[in-house]
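**Student:** Here's a sequence, model it:
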Amino acid sequence: MANRPEQLLQKARQFDQQALAEIYDLFSDALYAYAFKHVGKAQVAEDLVAETFQRFLSSLERGGGPNDHLQAYLYRITHNLITDLYRREPPPSLELDTELLIEDGPGPAGQLAEQQEAERVRKALRLLTPEQRQVVVLKFLEGWTTQEISQALNKSQGAVKALQHRGIAALQRVLIDDQNPDPELENQ
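**Tutor:** Predicted structure coming up:
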C-alpha cells in the first residue's frame, strides 16, 4: 500500500479517471474528518474537502502538484483552507454557559455537554498558531507519527516536537484557565 498512492499519482497526472476516483476514495473521508475536527460544521467540512480536490486537480492541470507524499500534500491544502477560513472569520470567545453543564448524564444534557466541550476544544485550537494547530491535530487526532508530520511540513523532527510542545502548553493554559471557577462566584 505504501507505493499505491504514488502509483495513483502517476496515473492521475495523465488524468486517468479511475486513478482520480481512487485518490478521492482513499483520502476524502480522512480529509473530511480532519476538516470537521477543526470547523465543527459538516457543510463547511464538505466544502473544504471539495475545494481541496479542486485545487489538487487544478495543480495537476498546470503540471504542478506533488511528486510524492500525496497524503501530506492533500492535508496541507486542507490545512491552508482552514487557516484561510479562520482568517476571514475570527474565532469566537471561549465563554461557556455553566448552567447547561449542571446535569452531566448520558441524556440530552450529557450530549450537549460533550458538544460544548468539543466546540470549546475547537475554539482553543483556533487560538494556536497555524503550525502548532496542524501538528497537534495530525499527532493526536489523526494519529500521525512525528516522522510523517516532519515530512508533510518539510520540518525537522525536532522542530515538529517543539511545535507540539508549545501547542500543548498553550492548549493547557487556555483550557485549564477557562475551567478555573471565578473566586467571586464561589463566595456567593
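**Student:** can I see the domain layout of the protein?
**Tutor:** Per the record, the chain has its domains at 1-90, 111-181, by automatic domain parsing.
**Student:** Any chance of a markdown table for those, columns mean neighbour count?
**Tutor:** The C-beta positions use only the backbone N, C-alpha and C, and glycine is treated the same way. Shown next, in a markdown table, are the domains of the chain (neighbours: other CB atoms under 10 Å):
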| stretch | mean neighbour count |
| --- | --- |
| domain 1-90 | 16 |
| domain 111-181 | 16 |
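**Student:** Need these in JSON lines (columns: mean pLDDT).
**Tutor:** What follows is the domains of the chain, written out as JSON lines (pLDDT from 0 to 100):
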{"stretch": "domain 1-90", "mean pLDDT": "87"}
{"stretch": "domain 111-181", "mean pLDDT": "85"}
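**Student:** If you count contacts, what does the host helix or strand of Phe56 end up packed against?
**Tutor:** Assessed by DSSP states H and E, Phe56 sits inside helix 42-61. Counting by 3 or more CB pairs under 8 Å, 6 or more residues apart in numbering; DSSP states H and E, the packing neighbours recorded for helix 42-61 are helix 17-39, helix 70-88.
**Student:** contacts for it?
**Tutor:** 12-13, 15, 20, 23-24, 28, 31-32, 35-36, 38-39, 65, 73-74, 77-78, 81-82, 85 (CB atoms under 8 Å, 6 or more residues apart in numbering).
**Student:** now stretch 156-163
**Tutor:** By CB under 8 Å, 6+ apart, stretch 156-163 touches 131-132, 135, 146-147, 149-150, 153, 155.
**Student:** hmm, try it at 10 Å
**Tutor:** 128-129, 131-136, 138-139, 144-153, 155 (CB atoms under 10 Å, 6 or more residues apart in numbering).
**Student:** any idea how far Ile23 lies from Pro5?
**Tutor:** Distance from Ile23 to Pro5, counting by CB to CB, to the nearest Å: 7 Å.
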